[in-house]
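Participant: quick one, what's the 3D model for this:
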Amino acid sequence: MKKIRLIALALAAAAIGYYVYHAVTYVPTSEWEPSGMGWLGFEMALPIIALTLVPMVFAFTGEGIMSALTGRNSAEFRDGLTGLGTVRSVRQTGVTVNDQPQVHVEFSVEGADGKTFHSSAKMIVPFTELALLRAGVVLPVRYLPGRTDRVEVDLSGDASAAQRAMNESLIRKGMTTRHKLDIAERGIATQAVVQSLSVTGTIREGHSEVELGLVVTRPDGSSFATRVTKFLAPASVAQVQVGRILRAHYLPENESEVVIALPVNA
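Facilitator: Presented below is the predicted three-dimensional model:
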């Protein structure tokens, strides 16, 4: 974006410079031609066009605006690393595109290496989705290792990259294991009904460990009972209350290990 702005400024400077040069060096074609005609030729259109286009270029290359128009990350961040950004705060900047507000979002980002850093991003958000962007929401973001002061919300649509980042984060925090992730990937997808819920008292990274009694449905319609433990954020506890139906995975050869799946942002 900086290159585009610099090119626009350079072209504007060249246009204005040429106009001034032409006017100053202009030689009348006859003695009857009024003085100052050098300022009134078609060249005067050049600075007018330049002064019109430069603000437009700066407006459309503002942070988050091109991404909103194209639906893609900027070229600078398109191949950046994927991290997990937890929203800390959101405020509107006062800029709008097609009546949709631009917001400034402060993030706490967990990088691919597990290190956490504070960063920010500007993005265009439809009014209908503005209320969903609140403190505590986790979003996949793209960042540059050598420049972590700014990030972009990942618009690649690559759900697998975001899921890998989430999985590695959960493993580092001790909230899951690679074996459980393998069950979630290879296991039979089914449903489970919560029959009991208890809190063990163990807390990790602000997540409480709960023990669930489940009745899991097999593909043939029969069912079996089992118990699982899972670390949950406070906002996610409501999703595992008694009677709730959950998505679950298990391996046929080991029905004692069942993995349940819950959305990251409750």
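Participant: Val24 looks like it's in a strand, true?
Facilitator: No - assigned with DSSP: H, G, I helix; E, B strand; the rest coil, Val24 falls outside any strand and is helix.
Participant: just give me the neighbour total for it.
Facilitator: 9 (other C-beta atoms under 10 Å). Where C-beta positions appear, they are placed from N, C-alpha and C, glycine not excepted.
Participant: any idea how far Gln191 lies from Thr52?
Facilitator: Distance, Gln191 to Thr52, using C-beta to C-beta, to the nearest Å: 60 Å.
Participant: these two: who's more crowded?
Facilitator: Gln191 (14 against 10).
Participant: now that one: which helix or strand?
Facilitator: Using DSSP states H and E, Gln191 falls within strand 188-204.
Participant: got the contact list for His207?
Facilitator: Counting by C-beta atoms under 8 Å, 6 or more residues apart in numbering, His207 touches 173, 175, 231-233.
Participant: so which of the residues you listed comes closest to Gly213?
Facilitator: Leu232 (15.3 Å; C-beta to C-beta).
Participant: next, count neighbours for that closest one.
Facilitator: Neighbour tally, Leu232, other C-beta under 10 Å: 19.
Participant: so what touches the strand holding Gln191?
Facilitator: Residues contacting strand 188-204 (C-beta under 8 Å, 6+ apart): 173-175, 208-219, 225, 229, 231, 240-252, 258, 260.
Participant: run the last query once more with 7 Å
Facilitator: Strand 188-204 is contacted by residues 173-175, 208-217, 219, 229, 231, 240-250, 252, 258, 260 when judged by C-beta atoms under 7 Å, 6 or more residues apart in numbering.
Participant: just give me how far the next helix or strand after that strand sits from the chain centre.
Facilitator: Downstream of strand 188-204, the next assigned helix or strand under DSSP H and E is strand 207-217. From the chain centre to the centre of strand 207-217 is a distance of 31 Å (C-alpha atoms, centre = their mean, to the nearest Å).
Participant: give me the most central residue, this structure.
Facilitator: Val153 (1.7 Å; C-alpha atoms, centre = their mean).
Participant: so which bits of whichever strand or helix holds Phe117 are buried?
Facilitator: Following DSSP H and E, one finds Phe117 within strand 116-124. Buried positions in strand 116-124, judged by neighbour count with 16 or more other C-beta atoms under 10 Å: 119-124.
Participant: one more: stretch 254-266?
Facilitator: Buried residues in stretch 254-266, counting neighbours by 16+ other C-beta under 10 Å, are found at 258-260.
Participant: again with stretch 20-28
Facilitator: Across stretch 20-28, burial judged by 16+ other C-beta under 10 Å covers 22-23, 26.
Participant: redo those residues as TSV? Include pLDDT and distance to Val90.
Facilitator: Output for the buried residues of stretch 20-28, formatted as TSV (pLDDT from 0 to 100; distance: C-beta to C-beta, whole Å):
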residue	pLDDT	distance to Val90
His22	72	51
Ala23	72	50
Tyr26	71	56
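Participant: adding distance to Ala135, write those out as JSON lines.
Facilitator: Shown next, in JSON lines, are these (distance: C-beta to C-beta, whole Å):
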{"residue": "His22", "distance to Ala135": "57"}
{"residue": "Ala23", "distance to Ala135": "57"}
{"residue": "Tyr26", "distance to Ala135": "63"}
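Participant: what about the strands in the stretch 51-200 of the chain?
Facilitator: Secondary structure of the stretch 51-200 of the chain (DSSP state E, counting those that start in this stretch): strands at 81-97, 100-110, 116-124, 138-144, 147-153, 188-204.
Participant: find the one among these with the highest mean neighbour count.
Facilitator: Using mean count of other C-beta atoms under 10 Å, the stretch among those with the greatest mean number of neighbours is strand 138-144 (a mean of 21).
Participant: elements contacting it?
Facilitator: strand 81-97, strand 100-110, strand 147-153 (3 or more C-beta pairs under 7 Å, 6 or more residues apart in numbering; DSSP states H and E).
Participant: TSV for those, including distance to Glu129 and mean pLDDT?
Facilitator: Shown next, in TSV, are those (distance: least, C-beta to C-beta, whole Å; pLDDT from 0 to 100):
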stretch	distance to Glu129	mean pLDDT
strand 81-97	11	90
strand 100-110	9	93
strand 147-153	12	91
